[in-house]
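Participant: Sequence and predicted structure below; questions after.
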Amino acid sequence: MQNLEIVPRLLQDVRAGKKIHTIRWRERDIVPGPMLYVNVRDASDTIMVWVTHVEKMPLSVVAARLGKIADWPDAVLLSGMREHYPRIEMRSEVTVIYHMPPQK
């Protein structure tokens with residue numbers, strides 16, 4: 001079963017159906033199908049989602065692709081991504097993983 005770790009605050013948004021994609025850099029390949037999110041602080045806290053598709057793109061185009069330009073100007077997006085990936089740059093190629101809200 002493919003899985004990705006996720007921080008607790010974002011796991012809450014996945015459960016609520018508010019978060020339906022994740023941006024990753026230099027992590028394992030994910031393919032369409034079932035995927036388990038695993039709380040990075042508590043491996044017993046998980047949630048299953050269905051990955052619909054995966055796209056690779058430079059970080060610089062992610063906000064536009066996801067319709068988040070107003071929320072994620074370059075400086076905000078880069079700062080947020082550097083919390084997880086300190087060496088990432090706007091030109092870095094990232095993977096955007098899209099998934100369905102979890103079934104209730």
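Facilitator: Now that the structure is in, tell me what you want to look at.
Participant: what's across from the residue nearest the centre of the chain in the sheet?
Facilitator: With distances taken as C-alpha atoms, centre = their mean, Thr22 lies nearest the centre of the chain, 1.3 Å away. Beta bridges link Thr22 to Ile97, judged by DSSP bridges.
Participant: What distance do you get for it to Met1?
Facilitator: 16 Å (C-beta to C-beta, to the nearest Å). (C-beta placed from N, C-alpha, C; glycine too.)
Participant: His21 now?
Facilitator: 20 Å.
Participant: And the strands in the chain, which stretches?
Facilitator: Along the chain, counting by DSSP state E, strands occupy 2-6, 21-24, 33-39, 42-58, 93-99.
Participant: quick one, which of those strands is nearest to Leu77?
Facilitator: strand 21-24 (8.7 Å; C-beta to C-beta).
Participant: Alpha carbons only: can I get the helix of greatest length in the chain in PDB?
Facilitator: As assigned by DSSP state H, the longest helix anywhere in the chain is helix 74-84. C-alpha atoms of helix 74-84 as PDB (Å, rounded to 0.1, in the frame of the first residue of the first chain):
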ATOM      1  CA  ASP A  74       5.600  33.000  -4.500                       C
ATOM      2  CA  ALA A  75       7.100  34.100  -1.200                       C
ATOM      3  CA  VAL A  76       4.300  32.500   0.900                       C
ATOM      4  CA  LEU A  77       4.400  29.200  -1.100                       C
ATOM      5  CA  LEU A  78       8.200  29.000  -1.000                       C
ATOM      6  CA  SER A  79       8.200  29.700   2.800                       C
ATOM      7  CA  GLY A  80       5.600  27.100   3.400                       C
ATOM      8  CA  MET A  81       7.300  24.400   1.300                       C
ATOM      9  CA  ARG A  82      10.700  25.200   3.000                       C
ATOM     10  CA  GLU A  83       9.200  24.200   6.300                       C
ATOM     11  CA  HIS A  84       9.200  20.600   5.000                       C
END
